[in-house]
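In: The sequence isn't on hand, but the structure is:
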């Protein structure tokens, strides 16, 4: 009989299997249209980078978490074929792509921050290739630096009560990395609150200003609708970005 953990595992597996193909299709669409005027912006380049990190994280987590625990053939494949090297590389990918996800969200937030709060500097800043290279490349570089110490930390597959897990040989090293990750996530969350908080305040002020102007020019509905849309997008973007970090805990 399937218990709660089994039901949760299967539900997560089905969700991931449905989500990944659509996410890949979404990524391919952006890449295909990346040179068109609508998509040829720094925001979408950061989005491509974030999407790659998300997809790799989903696939690796699906294989080494849900599949490994709930599907026997994956357990046999990991233990008999991948071995300790597979466990080692899987751990590096899991932790590295997780960090890349968080840092790419920061790049995206900074992009939106400059667009809303400093619009006059936005085009000048983000039209430079150097800025885009830093915004996209720095999260991956820092993620590699973050997992480099793991290269000397052995990982392995072990079986307990007929269930196979991916684990660290030294639990103290694992705890250290968990504490480090939580600290980084808290810092990033504070940074995101600051960035999106300023975006929200700016969008709200603009909306209030336009709303007051409507009293004198009631026919200017397009400007009002644009300001309202910007405010709604800000709220949605803030909730999505912060929601990612709540899920990280």
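Out: Looks like it came in fine. This is a predicted model, so every value here is computed, not measured. Residues are numbered from 1 along each chain as shown.
In: Low-confidence ranges, this protein, go.
Out: By pLDDT under 70, the weakly predicted segments of the chain are 1-12, 63-86, 153-170, 215-224, 240-249.
In: now the residue positioned nearest the centre of the chain, what's its secondary structure?
Out: Geometric centre of the chain, nearest residue: residue 101, 3.4 Å, by CA atoms, centre = their mean. Using DSSP: H, G, I helix; E, B strand; the rest coil, the structure places residue 101 in helix.
In: for stretch 17-37, which positions count as buried?
Out: Across stretch 17-37, burial judged by 16 or more other CB atoms under 10 Å covers 23, 27. Yep, even glycine has a C-beta here, placed from its N, CA and C like the rest.
In: roughly how far is the longest helix along the chain from the heart of the chain?
Out: In the chain, assigned by DSSP state H, the helix with the most residues is helix 171-213. Centre-to-centre, helix 171-213 and its host chain are 14 Å apart (CA atoms, centre = their mean, to the nearest Å).
In: other SSEs contacting that helix?
Out: Contacts defined by 3 or more CB pairs under 8 Å, 6 or more residues apart in numbering; DSSP states H and E place helix 171-213 against helix 83-117, helix 221-248.
In: Between those, which one is closest to residue 33.
Out: helix 83-117 (18.4 Å; CB to CB).
In: helices or strands up against that closest one?
Out: helix 42-61, helix 119-126, helix 129-147, strand 155-160, strand 163-168, helix 171-213, helix 221-248.
In: tell me which residues in it are buried?
Out: Applying 16+ other CB under 10 Å to helix 83-117 flags 86-88, 90-116 as buried.
In: go on, stretch 182-192?
Out: 184-185, 188-189, 192.
In: and the residues you listed as CSV, adding distance to residue 55?
Out: CSV is the format used below for the buried residues of stretch 182-192 (distance: CB to CB, whole Å):
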residue, distance to residue 55
184, 22
185, 21
188, 21
189, 23
192, 22
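In: For those, work out which two are farthest apart.
Out: 184 and 192 (12.3 Å).
In: In contact with the closest residue to residue 209 other than its chain neighbours, which residues?
Out: In space, and not counting its chain neighbours, residue 209 is closest to residue 227: 7.8 Å by CB to CB, 6 or more residues apart in numbering. Residues near residue 227 by CB atoms under 8 Å, 6 or more residues apart in numbering: 203, 206-207, 209-211.
In: Noted, bye for now.
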